[in-house]
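Chemist: Model the structure of this input:
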Amino acid sequence: MLNVVFTPAIGTSSRTLREDDVTRARVSEARTDPKRSMYGSRPRSMHERGGPRLPSRGTPPTASRVALFDVDGVVLRGKGLHLFARYLVARGEATPALAVRGAWYALGHRLGWLDGAAVLRRIAAAYLAGRRAEDLAAQGEQWFVDRGAAAIHPEAWELVQGYHRAGTPVVLLSGGMDFLVAPVARALGAMRWAAVEPESEGGVLTGRLQEPLCIDEGKLRWAGVVARELGVELTECAFYTDDFGDLALLDAVGERVVVNPDPRLRREAARRGWPVLDFVAPTEADRRAPSIPVSTPPTPTPPR
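Modeler: You can find the predicted model right below:
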């Protein structure tokens, strides 16, 4: 049974969600055809591709001092914003056009057609301006309970558990919105996390985003801040990502692992000999999610 402990905003009480209360909160529960991956047809597994194997239980995955994880496509099966848009449509809180736009953004960014930062700024201006920050945060928490937890890759979960068992800090660095990344970071027990943060004034979102964004080159700056706060060099860190836009950070770290990579990153990984992990949708045998102690992970000080 998975116990996911949420530490909500000041002024509200903590609560623990148990499987018998909210069955959808099982991190490893399959929501899709197990023969299909996050992007359609089932890719060959890492074993079928002859790539590195996941660490066995109790074995530290690496000797790196800090493990950095991208979230969309690595921890989550898809882009968080697209998953959130589909969730809103299913609840009748948004029109299907929002989900279509979310799918177009996810595909365009993955294939390199769209500038991810520019798209995020347009989304903030069009959909977030005028909303109360606390309402959006609450909506993100509920999304995680209803859909987000079940979208976490079991393989990613096991990797994180391996780092926890080894005593290695886990940090999430995401180009997704903070209200979606926060509950993921809590459930995984991340020591630090950084994401794209909407700007607010008096508790109301302005439609702008806090700069620099934690995406592409900006993610390298955020990683540098985290490394300094934890007293390590980036060369002592491992980084897991699916995005070619993270190439600058991949070049800076000591250990690089690409996960479910986009076509450009897959080619680059093959050229450089980097290990590639392809996660697949969970099968019945993969529905395992041991409880882990979690706390509210702090966000790093913004880079300047």
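Chemist: how many neighbours does Arg271 have?
Modeler: 8 (other Cβ atoms under 10 Å). Every residue, glycine included, has its C-beta placed from N, CA and C.
Chemist: Surely it forms part of a helix?
Modeler: Yes - with DSSP: H, G, I helix; E, B strand; the rest coil as the criterion, Arg271 is assigned to a helix.
Chemist: What distance do you get for it to Trp222?
Modeler: 26 Å (Cβ to Cβ, to the nearest Å).
Chemist: again with Arg77
Modeler: According to Cβ to Cβ, Arg77 stands 23 Å off from Trp222.
Chemist: Who has more neighbours out of these two?
Modeler: Trp222 (27 against 24).
Chemist: Show me the shaky parts of the protein.
Modeler: Low-confidence segments of the chain, defined by pLDDT under 70: 1-63, 94-116, 124, 281-304.
Chemist: Now do the same contact list for the closest residue to Pro169 other than its chain neighbours.
Modeler: Nearest-residue entry for Pro169: Met191, 4.2 Å, with adjacent residues in sequence omitted and distances by Cβ to Cβ, 6 or more residues apart in numbering. Residues near Met191 by Cβ atoms under 8 Å, 6 or more residues apart in numbering: 169-171, 230, 297.
Chemist: Same question for Pro169.
Modeler: Residues counted as contacts of Pro169 (Cβ under 8 Å, 6+ apart) are 65-67, 163, 191-192, 230.
Chemist: which ones among those are found in strands?
Modeler: Among the contacts of Pro169, the members falling in strands (DSSP state E) are 66-67, 192.
Chemist: So which of these is the closest to Ala126?
Modeler: Arg192 (30.0 Å; Cβ to Cβ).
Chemist: That closest one: neighbour count?
Modeler: 22.
Chemist: what's the answer for Gln161, then?
Modeler: Around Gln161 there are 20 other residues, counting by other Cβ under 10 Å.
Chemist: How much space separates it from Arg121?
Modeler: In terms of Cβ to Cβ, Gln161 sits 36 Å off from Arg121.
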